[in-house]
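Enquirer: Predicted model follows, preceded by the sequence.
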Amino acid sequence: RSDDQGETWSNPVLLFDAGSAGWDQIDNPHLAVAADGSLHVIFTRYSLLTQASQGLFYSSSKDQGITWSETEQLSESPVVWSALVSSSANTIHRFWESLDDQSLNVTHEYTQDNGLTWIQSSSLPGAAQLTGLVGFSLSPAGRIHLLAASRANEAAAEIQYWVWESGNWSSESPLNLGLT
């Protein structure tokens, strides 16, 4: 943490001790800061032997990172992509794409009370045909945009596009790539 625009930094604070927990490795941390200064983080557990993801985890801090909540497991499935973003006052969104039974599944949860309760949103329309990683962007107005490659059928490669507005996902018309 820095109180002088990065000139000096506080000593690091250990958020989670993978070694003490008997874990091989954690990676892919994502941090979001809420309007009140609370911190939210997600990270992925990995096996050194197989390099496979072994789940996604979450923790938060209400005192600017001095202490952290107990780590909560969000997914036991292999996670191929994750993101965490603060979109407005005390609204935090967490996303992950997991591999379950050889199909990709996108999960989106959000909180409007700084992480006290989390709501799982409705599924993304058309997400069952995803063939790759999801990308996201946050507009200056706080709208979340998601993009992903998909296949509606064997002959149609498409880019799917969704927008989060007023607590719901809306799907725009997919962009047909003309690839077979």
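Expert: In hand now; what should we look at?
Enquirer: How about the most centrally placed residue in the chain: what's its closest non-neighbour residue?
Expert: In the chain, the residue lying closest to the centroid (C-alpha atoms, centre = their mean) is A83, at 2.5 Å. In this structure, A83 finds its nearest non-sequential neighbour in F95, 4.6 Å apart by C-beta to C-beta, 6 or more residues apart in numbering. Where you see a C-beta, it was placed from the backbone N, CA and C, and this is true even at glycine.
Enquirer: and the next element down the chain from the helix or strand containing the one you found?
Expert: Following DSSP states H and E, one finds F95 within strand 91-100. Sequence order places strand 103-111 as the next helix or strand after strand 91-100, per DSSP H and E.
Enquirer: Check which residues of that next one are buried.
Expert: The neighbour-count check on strand 103-111 (16 or more other C-beta atoms under 10 Å) flags 104-111 as buried.
Enquirer: Walk me through which strands that strand pairs with, and which way each runs.
Expert: strand 91-100 (antiparallel), strand 119-120 (antiparallel) (DSSP bridges).
Enquirer: circling back to that earlier point, check whether the residue nearest to the centre of the chain really touches H30, as I assumed.
Expert: Yes: at 5.8 Å, A83 and H30 qualify as touching, with contact defined as C-beta atoms under 8 Å.
Enquirer: where does this structure dip in pLDDT?
Expert: Filtered on pLDDT under 70, the chain yields the residue ranges 122-133, 151-155, 174, 178-180.
Enquirer: run the last query once more with 80
Expert: 1, 88-90, 99-105, 121-135, 142, 148-158, 166, 170-180 (pLDDT under 80).
Enquirer: just the strands in it please.
Expert: Using DSSP state E, the strands found in the chain span residues 25-33, 39-46, 53-61, 72-75, 79-88, 91-100, 103-111, 119-120, 130-138, 144-153, 156-165, 168-171, 175-176.
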